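Undergrad: how does the following fold in three dimensions:
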Amino acid sequence: MAISARNLFKGKVTALKEGPIHAEVEITTTGGDKIVATLTEASVSSLGLAIGKEAVAVVKAPWVTLLTGTPEYRFSARNQLQGTVSALLKGAVNCQVTVALPGGSTVSAMVTNAAAAELGLAEGTPVTVLFKASHVFVGVPV
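TA: Residues are numbered from 1 along each chain as shown. The predicted structure follows:
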């Protein structure tokens, strides 16, 4: 399978909170990294999602926000993962930042070169990765 999104988290559904319109789905990788997605009930049904089912969470790099230092605010983004910058690939305008998570997963973020400089990003910099649960696509094996 080929996909243009840089962030792909393979795991199993470990939590499923269903509601009349939307559901919250937690996917945990084999290393223990947890990703939360918000889906419609129709999607939960059509994908056959259930606790223990294999699934993949997909997040596009431009939807990822990075935070450094001690937060002065709490954020509404459901996914807030602690990690360390493991690589930076600088382009003419943007920088692709790779963040290593404790469970072994990596997250790619696209930030402007100016933002990377403002945040002081370099290999080894501790960061918080933020992305909304509504920005997570969920897939299941066919």
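
Undergrad: use CA for all of it now, contacts and neighbours both
TA: Will do.

Undergrad: number of residues surrounding T14?
TA: 18 (other C-alpha atoms under 10 Å).

Undergrad: low-confidence stretches in this structure?
TA: With pLDDT under 70 as the threshold, the chain has no low-confidence stretch at all.

Undergrad: and the helices in it, which stretches?
TA: Using DSSP state H, the helices assigned to the chain run over residues 41-47, 113-119.

Undergrad: wait, which of these is closest to T98?
TA: T98 sits nearest to helix 113-119 of all these, at 12.0 Å, using C-alpha to C-alpha.

Undergrad: which other helices and strands contact that closest one?
TA: Contacts defined by 3 or more C-alpha pairs under 8 Å, 6 or more residues apart in numbering; DSSP states H and E place helix 113-119 against strand 94-100.

Undergrad: residues in a beta bridge with the closest residue to G69 other than its chain neighbours, which ones?
TA: For G69, ignoring the flanking residues on the chain, the nearest one in space by C-alpha to C-alpha, 6 or more residues apart in numbering is V127 at 7.4 Å. Beta-bridge partners recorded for V127 (DSSP bridges): G83.

Undergrad: isn't V127 up against T68?
TA: Yes: at 4.9 Å, V127 and T68 qualify as touching, with contact defined as C-alpha atoms under 8 Å.

Undergrad: neighbour-wise, which of those two wins?
TA: A count of neighbours by other C-alpha under 10 Å puts V127 above the other of V127 and T68, at 23 against 15.

Undergrad: gap between the more buried one and L89?
TA: 16 Å (C-alpha to C-alpha, to the nearest Å).

Undergrad: likewise for A133?
TA: Applying C-alpha to C-alpha, the value for A133 to L89 is 26 Å.

Undergrad: more neighbours, those two?
TA: A133 (20 against 11).

Undergrad: and the gap between the more buried one and R78?
TA: 6 Å.

Undergrad: who touches both of the two?
TA: Counting by C-alpha atoms under 8 Å, 6 or more residues apart in numbering, the shared contacts of A133 and R78 are V36.

Undergrad: how about the nearest residue to G32, chain neighbours excluded?
TA: In space, G32 is closest to G103, 5.2 Å off (C-alpha to C-alpha, 6+ apart).
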